[in-house]
Every structure is written in C-alpha cells, then in structure tokens.
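J.: give me coordinates for this.
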Amino acid sequence: MAGLHDPNELRFNGSGYTGTLCQHGHAVGPPYQVGDLVFYGGPPYHHVTIVYQLLQQGRTAEVWSHGHEGGPVLVPIDYRSDRREVRRYF
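T.: Residues are numbered from 1 along each chain as shown. Got it, this is the predicted structure:
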C-alpha cells in the first residue's frame with residue numbers, strides 16, 4: 001500500500017492486530033495530523049481510530065471509529081476516557 005511495509009504480513013487484507021500497529025510508527029502529541037492513529041484501552045490496546053479532521057489548530061480532532069456493526073462513525077478524539085497514545089506512520 002503506497003510502498004509501506006505491511007507489519008502483519010497479510011497484504012493489507014483488512015485483518016490484523018491493533019498491538020502490531022502500535023509497535024510501528026512513532027508516538028506524537030498535539031498538534032495531531034490527519035491520518036494519525038489513536039489508541040485506546042490497555043495496554044494491550046483494545047481499539048484504534050484514525051484522525052479525520054483537525055479542530056483548534058490540531059490540538060483536538062475528530063476520528064473515524066469502527067467498533068460496532070453500525071459502520072464507521074465520526075466522533076471526538078476523546079469520545080472514550082481511555083485514550084492512551086497517538087502514533088504517526090508517515
């Protein structure tokens with residue numbers, strides 16, 4: 001996918017493990033960027049979202065979450081109280 005290494009070696013088929021994602025990239029603080037991954041729970045982490053839209057000069061954001069059968073939803077970055085870290089991969 002765009003020349004990036006597939007950490008799960010599954011050819012980016014949609015399967016994978018949140019913990020593997022967290023072993024790559026690098027931790028960042030605000031300001032966030034579109035495309036950053038946000039990890040919640042644990043450790044080990046239980047859920048990951050992706051930053052979609054920045055608010056207030058990148059210090060807060062909205063993220064896409066797909067943690068239920070209803071499909072992805074756009075929510076504030078702190079919609080869960082167990083946010084742990086934000087990681088960047090590019």
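J.: now do the strands in the protein.
T.: With DSSP state E as the criterion, the chain has strands at 26-28, 37-40, 47-55, 60-65, 73-76, 83-88.
J.: okay if I get those as TSV plus mean pLDDT, distance to T18 and mean neighbour count?
T.: Just so you know, the C-beta spots here come from the backbone N, C-alpha and C atoms, and that holds for glycine as well. Below are the strands of the chain laid out as TSV (pLDDT from 0 to 100; distance: least, C-beta to C-beta, whole Å; neighbours: other C-beta atoms under 10 Å):
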stretch	mean pLDDT	distance to T18	mean neighbour count
strand 26-28	93	15	11
strand 37-40	92	7	22
strand 47-55	89	5	17
strand 60-65	90	13	19
strand 73-76	92	17	13
strand 83-88	92	11	16
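J.: can you put these in CSV and add distance to G19?
T.: Shown next, in CSV, are the strands of the chain (distance: least, C-beta to C-beta, whole Å):
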stretch, distance to G19
strand 26-28, 15
strand 37-40, 9
strand 47-55, 10
strand 60-65, 18
strand 73-76, 22
strand 83-88, 12
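J.: T20 is nearest to which of those?
T.: strand 47-55 (10.6 Å; C-beta to C-beta).
J.: contacts for that closest one, please.
T.: With C-beta atoms under 8 Å, 6 or more residues apart in numbering as the test, strand 47-55 has contacts from 18, 21, 31-41, 60-65, 67, 74-75, 77, 80, 86.
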